[in-house]
Structure formats: C-alpha cells, structure tokens
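Visitor: Turn this into a model:
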Amino acid sequence: MKKYQKLLGFLSAVAFLGLTSAPATAQVTTIGQNGGRVITSAVPFLIIAPDARASGMGDMGVATTADVNSIHWNPGKLARVQDDIGLGISYTPWLAALNLTDDMSISYLSGFYKLSKERTIGVAMKYFDLGNFQETFDNGEEGQLYSPREFSFAASYSQMLTQYLSAGVSVRYARSQLLGTFSNPTSQAQAANTVAADVGFYYTRDIVIAGKTAYWSAGTSVSNLGPKVTYTDESRRDFIPSNFRLGTALATDLDPYNQFTLGVEVNKLMVPTPRERDPDTGLPIGTPVDSLTWLQGTFGSFSDAPDGFAEELSEFTVSVGAEYWYNKTFAARAGYFHEAATKGNRKYITLGLGFRYNVFGIDFAYLTALAQRHPLDDTLRFSLHFKFDNGKGDESITE
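Guide: Residues are numbered from 1 along each chain as shown. Prediction:
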C-alpha cells in the first residue's frame with residue numbers, strides 16, 4: 001500500500017502545486033516558506049479560477065458585474081445578468097512551466113437561463129485533466145499508466161430579493177480519480193466523491209461621484225461547503241476547499257465611450273490550519289486536524305491558527321483588479337494577487353483583453369509570477385461566450 005500512498009501523494013501534490021509557490025522539485029507539505037503553515041485540502045481544482053475575465057483582474061469575481069461565469073465566483077450575481085440566455089467555454093493549459101506533462105488542462109463550461117426578470121438558473125461543469133503519468137521501476141521497466149482526472153458539476157438558482165440585493169445558491173457534485181481503482185487484502189483505492197453547496201449575495205446600486213454616475217457593487221459568497229473525502233477505505237478523510245469571499249467594485253462612465261472599473265476582494269480557505277507539533281514527540285499539539293468533523297473544521301477555521309489573530313489575518317489572500325471598456329466592445333484588464341509568504345507565497349500580476357461583438361465575446365488572460373520558478377508563471381486562459389434573448393428577461397413576477 002505504501003507505493004500507492006506515494007503515488008497518491010505525488011498526484012495530489014501536482015494538483016495542489018498551482019495553489020502554492022513551492023518549487024517544482026519540492027514535495028507539497030504543511031510547512032511553508034519561513035516556517036509557515038500552508039493550508040492544504042483535497043480536490044483543490046474546485047477553487048482554481050476558470051475564466052479569463054476574472055483571471056485578468058487578479059482572480060477577482062465576487063463583486064464584479066454578472067456574467068456567464070458567475071456560478072464559480074458568486075451565485076448571487078446570476079440574477080443580475082443582462083441577457084436571457086448565456087453560454088461560456090473556458091480553457092486553461094495547466095502548469096506548463098513545470099514540464100511535467102504536455103497535456104494538463106482545465107476546461108470549464110457554464111450557462112444560464114433567465115426564468116423571469118428576477119430569477120435565473122445556471123449550470124457549470126469543470127474538468128481537470130492531469131495528463132498521463134507512466135510508472136517506471138528502478139530497473140527501467142514500465143509499470144502502470146495513470147491518467148488522473150477530476151470533474152465537477154454545479155446547478156445554481158439566483159433571485160432578486162430587492163431592487164438592489166440578490167441571492168443565489170448552488171449544489172455541486174465533485175469526483176476526483178487520481179489513481180483509478182484497485183484493491184488488495186489490506187486496503188483499496190478508489191475515486192473520491194463529494195457533494196457541496198455554495199451560497200452568495202450581491203448588492204449593487206447607482207451612486208453619484210463628482211457629478212458623474214457610478215455603479216457600486218459588493219458581494220460575498222461561501223463555496224464548497226461539504227463533507228470530507230477519502231481515496232481509500234482507511235479512516236483518514238481530507239477536507240475539501242471550502243472558501244469565503246468578500247469584495248467590492250466601483251465602475252464609472254468616464255464619457256459615453258469609456259468605462260473604468262476598480263475592485264478589491266479578499267479570500268480565505270475555510271480549512272483547518274495545520275497544528276504545531278511537540279518538539280519532543282513530533283505529535284500535534286491540541287486536537288489533530290484529522291479528527292475534526294467537516295463542520296468543526298470549516299467553521300472553526302476562522303479561529304484555529306496557533307499564532308492567533310495575526311496568523312488568521314495572514315490566511316486571507318487579496319486580489320486587486322481593474323477593467324477598462326471602450327464603447328462596450330474592447331476591454332483591457334489588469335490585476336494583482338497577494339498571499340502571505342508563510343501561507344503559500346503566491347504573488348502575481350495578471351493582464352487581460354476582451355472583445356464583444358453582437359452575441360459573441362472572447363477573453364484572454366496572462367499571468368506572470370513575481371517569484372522565480374513559480375508553477376503558475378506564464379499561465380494563459382481563454383474564454384468564449386455567447387448570449388441570446390428570448391424575452392424572459394422582460395417578464396416580471398412582481399411588477
């Protein structure tokens with residue numbers, strides 16, 4: 001079983017590498033740079049930014065204007081989409097800088113349908129292809145070929161609560177198959193499966209600044225609330241990446257042709273912080289993370305850092321992003337993502353472009369890391385989306 005545990009650990013590390021700045025040659029552990037405690041989870045692909053628009057703004061999307069990819073960032077935004085029907089397709093070549101394999105990628109398909117002016121439903125599917133890994137023994141002989149894959153499907157419902165406030169919920173099924181399925185007299189490995197939920201709120205209204213009309217918005221969401229998963233029949237189960245987001249954005253029309261948006265967002269992984277270890281015994285101090293239920297671990301994650309409030313604050317990442325539109329046709333974007341050095345040390349700048357014509361739109365994003373040998377350096381994202389009208393967006397259930 002040790003061989004399979006090592007393989008599972010390696011594949012989990014590959015899936016997690018994009019969420020830390022660990023060098024490609026290092027194993028992913030709970031000890032980060034500067035002696036920090038990096039928080040890890042199972043199925044981390046669930047929180048990877050899927051679309052080029054949000055990625056071009058520093059991975060910021062909880063409070064920006066609603067679009068077809070709102071299901072990932074904040075289901076509460078869906079009720080505010082301007083079109084009746086939308087379809088989006090995104091593609092991201094993954095960890096190309098590491099040269100581990102040439103076929104790792106993340107694909108994302110999303111869509112929405114307006115039931116009325118106040119209500120919208122949506123669906124989204126994410127597929128993570130980790131490529132192929134050939135097992136090779138010390139004598140040079142080849143063993144099993146592994147083709148790890150991960151998949152999730154989400155369904156969302158969003159509704160206007162007031163003129164300015166909307167809310168939404170999502171239910172998500174996720175499946176992670178890193179090793180395939182095998183069994184022996186002592187243990188077995190299998191795909192990990194879980195069901196999780198998202199909830200989000202979105203508030204927006206017009207305000208006047210220096211005599212000009214501006215559009216202020218705020219949003220918050222909690223995503224991937226669900227039970228722990230396991231890849232074996234053993235007692236150990238791992239937390240999934242429950243995540244808290246809070247952000248705000250301000251858009252203003254500079255003139256009839258030019259619009260500018262600036263926003264900021266904070267995120268926190270709602271997963272227990274690794275415990276300090278006794279220097280003599282090497283055992284965790286306090287309640288071991290593995291023994292916590294998913295409810296205890298998720299909601300206790302805001303107050304469990306061994307170094308107290310300062311460490312809790314360091315577990316929040318910050319995204320700052322800007323978007324410029326010319327004539328609602330051409331867009332340019334830029335953003336910055338910051339994570340504490342002791343919690344993963346992801347620091348990168350993102351750039352993006354967008355184009356809209358009639359029912360068609362395309363977005364592109366590029367990421368450049370501020371740390372050397374960062375796994376995410378030179379990451380590209382591409383998104384296509386289409387919109388259609390069917391008249392449902394003009395029908396109201398309250399007017």
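Visitor: What is the burial count for Pro241?
Guide: By the other C-beta atoms under 10 Å criterion, the neighbourhood of Pro241 contains 23 residues. Quick note: C-beta positions are derived from backbone N, CA and C, even for glycine.
Visitor: who's in contact with it?
Guide: 41-44, 46-47, 224, 269, 271 (C-beta atoms under 8 Å, 6 or more residues apart in numbering).
Visitor: Just the ones of these in strands?
Guide: Using DSSP state E, the members of the contacts of Pro241 that fall within strands are 224, 269.
Visitor: Switch the contacts of Pro241 over to JSON lines; also include pLDDT.
Guide: Compiled in JSON lines, the contacts of Pro241 are given as follows (pLDDT from 0 to 100):
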{"residue": "Ser41", "pLDDT": "90"}
{"residue": "Ala42", "pLDDT": "91"}
{"residue": "Val43", "pLDDT": "93"}
{"residue": "Pro44", "pLDDT": "93"}
{"residue": "Leu46", "pLDDT": "96"}
{"residue": "Ile47", "pLDDT": "96"}
{"residue": "Asn224", "pLDDT": "97"}
{"residue": "Leu269", "pLDDT": "96"}
{"residue": "Val271", "pLDDT": "95"}
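Visitor: Can you tell me which of the contacts of Pro241 lies closest to Ala310?
Guide: Relative to Ala310, the closest of those is Leu269; by C-beta to C-beta it sits at 17.1 Å.
Visitor: Not counting its neighbours along the chain, what's nearest the residue nearest the centre of the chain?
Guide: By C-alpha atoms, centre = their mean, the chain has its centre lying nearest to Ile47, at 2.3 Å. Spatial nearest neighbour of Ile47, excluding adjacent residues (C-beta to C-beta, 6 or more residues apart in numbering): Pro241 at 4.7 Å.
Visitor: Please report the distance of that neighbour from Gly321.
Guide: Noted for Pro241: a distance of 21 Å to Gly321, by C-beta to C-beta, to the nearest Å.
Visitor: ok, which stretches of the stretch 251-399 of the chain are strands?
Guide: Assigned by DSSP state E, counting those that start in this stretch, the stretch 251-399 of the chain shows strands spanning 258-269, 316-326, 330-338, 347-357, 360-369, 380-388.
Visitor: Specify the local secondary structure of Tyr113.
Guide: Secondary structure for Tyr113, judged by DSSP: H, G, I helix; E, B strand; the rest coil, is strand.
Visitor: any idea what Gly86 is structurally, helix, strand or coil?
Guide: strand.
Visitor: That one: neighbour count?
Guide: Residues within reach of Gly86, counting by other C-beta under 10 Å, total 26.
Visitor: what's near enough to touch it?
Guide: By C-beta under 8 Å, 6+ apart, the contact list for Gly86 reads 67-68, 111-112, 385-388.
Visitor: hmm, 6 Å instead?
Guide: By C-beta atoms under 6 Å, 6 or more residues apart in numbering, the contact set of Gly86 is 68, 112, 387.
Visitor: what about the last one, how many residues close to it?
Guide: Taking other C-beta under 10 Å as the criterion, the count of residues near Lys387 is 20.
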